[in-house]
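S.K.: could you work out the structure for the sequence below:
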Amino acid sequence: MDPLVTIRLSAKAILWERILGAIIGAAVIVLSLAFTVPLPLLFILVGLLVVAGFLLHSWIRQRIATYRLFPDRLEVDRGIFTRNIDNLELFRVRDVGLRQGVLGRLMNFGDVYVHSTDSTAPDVHLVGIDDPRGFYQQLRELVTQSRALHRTLIVEEGGVMPEGAGPHG
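M.R.: Here you go, the predicted structure:
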């Protein structure tokens, strides 16, 4: 079965890393040219290596985790050299949260938190994803459908309460 959504860390979320790497690399190159360093070519190479290092780091961060949303589960695929795949059954999800900073709201990226009763992966944190509000809404709808399908009961401190049956409903 194909996933409904496949997401990774947004390039917008790590844009500052790339900008910082370019600034530091450019500063090393400019300083080597401005101060007649004995080996300016070496410093230019160091500056380029700094830029390449920042770019490589951000590229790895983008590919280290992939999240796939299916109608009944959230699959978390982590790793570069070794791979670890965890599945979170949606009927086990207790709460879904969304967090966006000012820059995230302007550029439409943010974090989605999933809290569950799953023993292997009770908390899943999807960091810096594009359109977090859309993903959040879709995930909440699928969680509700999965709970209804599995006839899940939510256990609160006061006792067992069927889904949707609260003091006002």
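S.K.: correct me if wrong: Asp86 contacts Asp123.
M.R.: No. Proximity of Asp86 to Asp123 does not meet the contact threshold set by CB atoms under 8 Å, at 11.2 Å. In short, each C-beta sits where N, CA and C put it, glycine included.
S.K.: of those two, which one has the most company?
M.R.: Between Asp86 and Asp123, Asp86 has the larger neighbour count (other CB atoms under 10 Å), namely 14 against 11.
S.K.: tell me the buried residues in the helix or strand the more buried one falls within?
M.R.: Assigned by DSSP states H and E, Asp86 falls within strand 84-89. Residues of strand 84-89 classed as buried by neighbour count (16 or more other CB atoms under 10 Å): 87-88.
S.K.: dump the C-alpha coordinates for it into PDB.
M.R.: What follows is strand 84-89, C-alpha atoms only, in PDB (Å, rounded to 0.1, in the frame of the first residue of the first chain):
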ATOM      1  CA  ASN A  84      15.400   1.800  11.700                       C
ATOM      2  CA  ILE A  85      11.700   1.700  10.900                       C
ATOM      3  CA  ASP A  86       9.000   2.200  13.600                       C
ATOM      4  CA  ASN A  87       5.300   2.000  13.000                       C
ATOM      5  CA  LEU A  88       2.800   3.800  15.200                       C
ATOM      6  CA  GLU A  89      -0.700   2.500  14.900                       C
END
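S.K.: and it, average pLDDT?
M.R.: For strand 84-89, mean pLDDT rounds to 92.
S.K.: distance from the chain centre to it, please.
M.R.: Distance of strand 84-89 from the chain centroid (CA atoms, centre = their mean, to the nearest Å) equals 15 Å.
S.K.: neighbouring strands - and their directions - for it?
M.R.: With DSSP bridges as the test, strand 84-89 is paired with strand 73-78 (antiparallel).
S.K.: and the partner strand, which residues are buried?
M.R.: For strand 73-78, by 16+ other CB under 10 Å, it's 73-74, 76-77.
S.K.: so how far is Ala22 from Leu55?
M.R.: According to CB to CB, to the nearest Å, Leu55 and Ala22 sit 9 Å apart.
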